[in-house]
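Participant: Sequence and predicted model, in that order:
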Amino acid sequence: MRVSIAALGLAALSLAGCMATTTTTPKESPQSNRLTTGQVQLTLHRNQTTQAEVLEAFGAPNLVTVNSEGEEVWTYQRNATVVNSQSSSAFGTVIFFGGSTQSSGLEQSSRTMTLIVKFKTINGAKRVSSFDSRTSSF
């Protein structure tokens, strides 16, 4: 009886050392903000959204110009870096013999979004006359 309890205890200890974990952690740089395709579609409405509302939603533009039609043009460009890290480890032991393995990976990609908003004066306020956005990932 003592031999079987000891064998069972050793088997339990050898199995207790086995462990495997996998962790995936997506992270975006602090540079990213509310300038997304969805937020653009929710916020900007032709002939309705004012300059003040655009400024509140997206912050200061990167570039302000006036086109040949006299419209004020705001250009936004935001860059984001997305980092995915993954790691896994395992450890196993059988009485006095043991072994361990570890692996990890890192994947990084960049996203750029450009938003161009044109304004014209409607009823005494500068309102969005048109807008266009482009997103690229690499």
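Facilitator: Done, it's in.
Participant: If you count neighbours, what's buried in stretch 62-74?
Facilitator: By neighbour count on 16 or more other Cβ atoms under 10 Å, the buried set for stretch 62-74 is 71-74. Glycine gets a C-beta too; all of them are placed from N, C-alpha and C.
Participant: Need the residues that contact it.
Facilitator: Residues from elsewhere that reach stretch 62-74 (Cβ atoms under 8 Å, 6 or more residues apart in numbering): 51, 54, 61, 75-77, 116-120, 126, 129.
Participant: quick one: which helix or strand includes residue 41?
Facilitator: helix 37-43 (DSSP states H and E).
Participant: Against which helices or strands is that helix packed?
Facilitator: helix 51-58, strand 125-137 (3 or more Cβ pairs under 8 Å, 6 or more residues apart in numbering; DSSP states H and E).
Participant: Residues contacting it, please?
Facilitator: Contacts of helix 37-43 (Cβ under 8 Å, 6+ apart): 49, 53-54, 57-58, 113, 115, 131, 133, 135.
Participant: what do you get if the cut-off is 7 Å, keeping everything else the same?
Facilitator: The contact list for helix 37-43, computed with Cβ atoms under 7 Å, 6 or more residues apart in numbering, reads 49, 57, 115, 133, 135.
Participant: can I get the CA coordinates of that helix in CSV?
Facilitator: What follows is helix 37-43, C-alpha atoms only, in CSV (Å, rounded to 0.1, in the frame of the first residue of the first chain):
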residue,chain,number,x,y,z
THR,A,37,-13.0,55.5,-40.2
GLY,A,38,-16.0,54.9,-38.0
GLN,A,39,-15.5,58.1,-36.0
VAL,A,40,-15.3,60.1,-39.3
GLN,A,41,-18.5,58.6,-40.5
LEU,A,42,-20.3,59.3,-37.2
THR,A,43,-19.0,62.8,-36.8
